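# 3D model of this:
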Amino acid sequence: MSGIAVKLPLAQSTVDGFNTTKTIEETIRQNLKTLLLTRPGERVMDPQFGIGVDTYLFESFTEATYTSLKQNITQQVATYMPQIAIRNLFVNQSGQDANQLGLTIEFRITPLGTTDVLDLPVATANGATPATRLGVSVTDNLLATRSGMTGLGY
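Prediction:
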């Protein structure tokens, strides 16, 4: 069975040569993750591409930091992934290590009319990752704090 795109990280497959994404939703989720993790200037021929969420690891998490991250993600998604609309963004900085960061992004795939969620733990310098998605109710246009997560609703 052939796939839509090569799945990252690269791994060989006896079926397709390399593991591949099999659905449009999986491909879009992978592309969003790539956009979030790529630092600006890292992509050849497109120095504006990327958000570099790992650069936020050692920021003091104030409302200004959340706003900056939200604006950066919104602008980059509008530019590079216009086929999706972000509905909610949750930033999780709970955990024993204050330099842990987790993102939960609820988005709508506009052409398909479906909603999906990307949970993204971002590793600290020592390789630790925060807990993935906490039990949070995702609601549109919500600015709330639940279970150590700050929601930046759209």
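
# What helix or strand is Q30 located in?
Per DSSP states H and E: Q30 is located in helix 24-37.

# Which residues belonging to that helix are considered buried?
Across helix 24-37, burial judged by 16 or more other CB atoms under 10 Å covers I24, E26, T27, I28, R29, Q30, N31, L32, K33, L35, L36, L37. From N, CA and C alone the C-beta is placed, and that goes for glycine too.

# Now do the helix or strand just after it against helix 24-37, angle only.
Past helix 24-37, further along toward the C-terminus, the next helix or strand under DSSP H and E is helix 63-80. Following axes from the mean of the first three to the mean of the last three CA atoms, to 10 degrees, one obtains 130 degrees for the angle between helix 63-80 and helix 24-37.

# Return helix 63-80 as CSV; C-alpha atoms alone will do.
Backbone C-alpha positions of helix 63-80 (Å, rounded to 0.1, in the frame of the first residue of the first chain) are rendered in CSV as follows:
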residue,chain,number,x,y,z
GLU,A,63,1.0,36.4,29.4
ALA,A,64,3.4,38.2,27.0
THR,A,65,5.2,35.0,26.2
TYR,A,66,1.9,33.1,25.6
THR,A,67,0.7,35.9,23.4
SER,A,68,4.0,35.9,21.4
LEU,A,69,3.9,32.1,20.9
LYS,A,70,0.2,32.3,19.9
GLN,A,71,0.9,35.1,17.4
ASN,A,72,3.9,33.3,16.0
ILE,A,73,2.0,30.0,15.5
THR,A,74,-1.0,31.8,14.0
GLN,A,75,1.1,33.8,11.5
GLN,A,76,3.1,30.7,10.5
VAL,A,77,0.1,28.5,10.0
ALA,A,78,-1.7,31.2,8.0
THR,A,79,1.4,31.5,5.7
TYR,A,80,2.5,27.8,5.4
